[in-house]
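>>> only geometry, no sequence info:
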């Protein structure tokens, strides 16, 4: 620690006490050079974003305040650390991103994290002796589905994860994932590359006994009834929306611009002659993989569908071919593929005998992190997904 302070003496402030510095050392496994680089990068980021000075006067977009789910309880875990509950499945990804800028959502979330960390640090410094309390996170995955794997939303999530690892290191103590759906391994595959090993070790996927496990760390009178405790709002609501915002579908009256997410997409462009069909074949090696796609046409509509090809060459439609006005609004979608094998995306212009079409498309296959192993229950598998190291 003494050497670390000496190396940073030109940038250290009174707020940078030993516990603050220790978080950066732990994040880089006490490698002084890497820890110093990380700390200096954090100083630069905070100066550039003015995150610490803006936090008190920041006014979030109304749609974020009303419809981003989750919040911090007004009580603490059994170690006196704060508790953040995130009912992620109630978030409306497209509604939020159609209603405000991506940067607005990121800033809103940075502010939430900054307030949590700052309040916790204030409490820690007031304790005698000084204690470093970490945050317990309850990630309620009930309701997470394909709509939450929409690429622009996943880009927001991974940006938050990256920023958290770099600028809020070692602030989380434990992360409980409860009620994880079958699609969770695919969702986590998209986020895992942005998490450090030490962070993944803090994540625990809980099974049917999740309430008992959570109550080992949090008193029942602190937790809302909906998450295993006895606490309710004054009106008896078991989800305590006064503290934990429920999320929900964003009214279309908030929508501003629905086609801005195509700007950074790397499209493949093809010309389809009048009366012709263009097919895009791709192979899937693992069941439960996720297909994400986006396409647009130039000037006129196009028919689109997806087929599965079995070993005998027989085609089975898994997304019925129909016409889309993708010349007006780009069409995007996500689909879980239940079987490994060959698939074909079909762009069908056979109905048009007078006009050729130009299409631009993007697709991505995301595989679950691991194969399901015989004998493992779902919870064991999901925990293995978390712990698996990246190659």
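Received it, and whenever you're ready, just let me know what you need. Predicted model only: the values in this text are computed from it and were never measured.
>>> so for residue 305, what's the pLDDT?
Per-residue confidence (pLDDT) for residue 305: 96.
>>> which SS state does it fall under?
strand (DSSP: H, G, I helix; E, B strand; the rest coil).
>>> phi, psi of the nearest residue to it once chain neighbours are set aside?
Excluding its sequence neighbours, the residue lying closest to residue 305 (CB to CB, 6 or more residues apart in numbering) is residue 321, at 3.1 Å. Heads up, the C-betas are built off the backbone N, CA and C, glycines and all. Torsion angles at residue 321 (phi, psi; degrees, to the nearest 10) stand at phi -70, psi 130.
>>> can you check residue 184 too?
phi -60, psi -40.
>>> that one contacts residue 141, correct?
Yes - counting by CB atoms under 8 Å, residue 184 does reach residue 141; the two are 5.9 Å apart.
>>> now do the same contact list for the residue nearest to the spatial centre of the chain.
Geometric centre of the chain, nearest residue: residue 157, 3.4 Å, by CA atoms, centre = their mean. Contact partners of residue 157, counting by CB atoms under 8 Å, 6 or more residues apart in numbering, are 190-191.
>>> please apply the same query to residue 133.
So residue 133 contacts 76, 79-82, 120, 123-124, 173 (CB under 8 Å, 6+ apart).
>>> then residue 46?
With CB under 8 Å, 6+ apart, residue 46 has these contacts: 52, 167.
>>> check which helix or strand covers it.
helix 32-49 (DSSP states H and E).
>>> mind listing what's buried along that helix?
35-36, 38-39, 42-43, 49 (16 or more other CB atoms under 10 Å).
>>> again with stretch 292-301
Those buried within stretch 292-301 under the rule 16+ other CB under 10 Å are 292-297, 300-301.
>>> CSV please, covering those residues and showing pLDDT.
What follows is the buried residues of stretch 292-301, written out as CSV (pLDDT from 0 to 100):
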residue, pLDDT
292, 88
293, 91
294, 89
295, 91
296, 90
297, 92
300, 92
301, 94
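>>> sorry, back to before: pLDDT on the helix or strand that the helix holding residue 46 is followed by, on average?
For helix 32-49, the following helix or strand on the C-terminal side (DSSP H and E) is helix 51-54. In this model, helix 51-54 has an average pLDDT of 82.
>>> go on, stretch 232-240?
96.
>>> how long is that stretch end to end?
6 Å (CA to CA, to the nearest Å).
>>> what's next to that stretch, contact-wise?
By CB under 8 Å, 6+ apart, stretch 232-240 touches 73, 224-226, 231, 241-242, 246.
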